[in-house]
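In: just coords:
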Ligand SMILES: Cc1ncc(CN)c(N)n1
């Protein structure tokens, strides 16, 4: 699996992302509320730009299957993840208009514009690799946290967040994204010994950068 091979090339960054203090504090119910609210507001802005980046994957698709899958993931983002985010934010007293009026933090802008740029200047594979830490990382975080004995569900104010990303819909979306990544790579002759591909160093650099930008997003969350 291409995703597993990419992770294996960047173990420090990947672990730094999926086990970041932000998620550990969230899972233990110890994350300061101000950090979570700040994160929620920025994440709303993030999701809209991220959906634009997935829409670019529709534009960059040269096979009907990729067109359909990218369109389905745009739909999942806009019609499942964003509405759940809105519902969730409402419980924290954050209205849609307040979320929409959030000034975009630099760490946020840097991340989504980087992904968009990889898609604009590269091909569909470059774009999907830049999208992968987001599309696949939160699913892994959700799964890992649910299996972690330090996670506290009872009385945890962030329980719904944990349940969203560990939930079936999000896990299935991530599985679709991973399959698409493999298929698009295979169409470019990248399968089996993927690390031997001439494109491998560039793909790793993109994945590493996007993963570091996810870490930057958590850091931003911890510093409202
Ligand atoms: C920053 C970020 N990365 C990933 C996800 C999961 N879609 C998210 N909501 N926000």
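Out: That came in fine, so what should we check first? None of these values were measured; they are calculated from a predicted model.
In: the closest residue to residue 33 other than its chain neighbours: what's it in contact with?
Out: Distances taken as CB to CB, 6 or more residues apart in numbering place residue 157 nearest to residue 33, at 7.4 Å, with adjacent residues excluded. Where C-beta positions appear, they are placed from N, C-alpha and C, glycine not excepted. Residues near residue 157 by CB atoms under 8 Å, 6 or more residues apart in numbering: 29, 33, 36.
In: how many other residues sit next to the nearest residue to residue 100 once chain neighbours are set aside?
Out: Spatial nearest neighbour of residue 100, excluding adjacent residues (CB to CB, 6+ apart): residue 44 at 7.3 Å. A count of nearby residues for residue 44, using other CB atoms under 10 Å, gives 19.
In: and the pLDDT for residue 44?
Out: Residue 44 carries a pLDDT score of 97 in this model.
In: what sits against it?
Out: Counting by CB under 8 Å, 6+ apart, residue 44 touches 82, 85, 86, 89, 99, 100, 102.
In: what's residue 193 sitting at in phi/psi?
Out: phi -80, psi 70 (degrees, to the nearest 10).
In: residue contacts, residue 220?
Out: Contacts of residue 220 by CB under 8 Å, 6+ apart are 38, 39, 42, 105, 107, 108.
In: so of those residues, which ones are in helices?
Out: Mapping these onto helices (DSSP state H) picks out 38, 39, 42, 107, 108.
In: the fourth one contacts residue 215, doesn't it?
Out: Looking back up the chat, that one is residue 107. No. Between residue 107 and residue 215 there is no contact under CB atoms under 8 Å: 9.5 Å.
In: leaving out sequence neighbours, find the closest residue to residue 16.
Out: residue 215 (5.3 Å).
In: relative to the ligand, how far out is the residue nearest the centre of the chain?
Out: In the chain, the residue lying closest to the centroid (CA atoms, centre = their mean) is residue 134, at 1.5 Å. Relative to the ligand, residue 134 is positioned 4 Å away (CB to the nearest ligand atom, to the nearest Å).
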